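>>> have a look at this prediction, sequence included:
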Amino acid sequence: MGVAGIISQHVEFLRRFLANPQQVGAVAPSSRRLSKALTEPLARRTKPSRILEVGAGTGAITRHLIDLLGPDDHLDICELQPDFCAALERDVLSLPTARLVRSQGRIQLLTCRVEQIDRPGYYDFIVSGLPLNSFDPETVDTILDRIMANLAPGGVFSYFEYVGLGRITRHLASSATRRRTRAVRDLLKQRIQRHQFARRTVLWNFPPAYARHWKTS
Ligand SMILES: C[S@@+](CC[C@H](N)C(=O)[O-])C[C@H]1O[C@@H](n2cnc3c(N)ncnc32)[C@H](O)[C@@H]1O
């Protein structure tokens with residue numbers, strides 16, 4: 001992608017963030033380094049896989065996932081906001097590789113909430129750009145239950161969290177936001193203890209982030 005493309009992707013992203021900060025949950029798309037860290041387990045796979053990306057936004061991680069697809073892999077892309085889906089169609093799914101794979105029926109764009117995807121045990125990899133820390137605890141619980149149920153045995157769920165978010169919230173947020181984010185952090189902590197097998201710190205991202213990888217138990 002050229003400089004003009006990168007700038008327009010960032011402008012589109014920021015515009016959507018300002019329109020709906022809680023749902024978008026980030027001021028800039030994920031960097032290439034973060035996309036790479038999130039797809040590390042997937043890049044090491046040894047068999048054809050079913051992959052789901054959730055919260056694709058303007059497609060920063062989607063582009064990387066499409067580059068990694070082998071001849072027998074399938075990718076479903078889930079994004080809630082129709083405007084982001086239009087940007088994905090225009091800027092990512094129109095690229096020659098994506099068009100070819102899609103014409104073979106191996107890429108699907110799903111304009112829906114991740115909570116609506118009900119395919120128990122189906123996906124080998126689920127990669128998320130969802131801003132879990134912006135949601136309320138009940139939503140996070142519902143989303144994570146659904147994601148883990150949709151993973152095949154031994155399947156991997158990868159997502160990111162911004163470094164130091166807890167500290168920033170403690171100092172800057174209102175008491176209601178502090179209570180909400182503490183509850184989300186507590187429930188994530190329990191699930192991290194149960195499922196996490198790897199964590200990478202990615203400084204080359206705005207803001208710096210942890211890429212976390214979980215396995216079904
Ligand atoms: C932080 S942005 C991530 C964008 C992109 N993946 C990246 O890393 O640059 C989060 C995206 O999740 C989408 N989203 C929020 N809630 C969702 C839900 N319940 N189901 C599917 N997508 C959702 C938002 O519309 C937004 O595009």
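Ah, there it is.

>>> from what I can see residue 66 touches residue 98, true?
Yes: with contact defined as C-beta atoms under 8 Å, residue 66 counts as touching residue 98 (5.2 Å). C-beta: built from backbone N, CA, C; applies to glycine.

>>> mutual contacts of the two, please.
Here residue 66 and residue 98 share the contacting residues 92, 107, scored by C-beta atoms under 8 Å, 6 or more residues apart in numbering.

>>> what pLDDT is listed against residue 170?
According to the predicted model, the pLDDT of residue 170 comes to 67.

>>> for the chain, what's the longest helix?
helix 175-195 (DSSP state H).

>>> name the helices or strands packed onto that one?
helix 137-150, helix 165-172, strand 209-215 (3 or more C-beta pairs under 8 Å, 6 or more residues apart in numbering; DSSP states H and E).

>>> tell me which of these approaches the ligand most closely.
For the helices and strands packed on helix 175-195, the distance to the ligand is smallest for helix 137-150, at 6.3 Å, taking C-beta to the nearest ligand atom.

>>> contacting residues around that closest one?
Under the criterion C-beta under 8 Å, 6+ apart, residues 52, 54, 114-115, 117-123, 126, 128, 130, 132, 135, 157, 180, 183-184, 187-188, 191, 195, 214, 216 lie in contact with helix 137-150.

>>> go again with 7 Å.
By C-beta atoms under 7 Å, 6 or more residues apart in numbering, the residues outside helix 137-150 that reach it are 114-115, 117, 119-120, 122-123, 126, 130, 132, 157, 180, 183-184, 187, 191, 216.

>>> what about that helix, average pLDDT?
Mean pLDDT, helix 137-150: 97.

>>> now do the buried residues in that helix.
Within helix 137-150, the residues scored as buried using 16 or more other C-beta atoms under 10 Å are 137, 140, 143, 144, 146, 147, 148, 150.

>>> which ones among those residues also lie next to the ligand?
When contact is defined as C-beta under 6 Å from any ligand atom, the buried residues of helix 137-150 do not meet the ligand at all.
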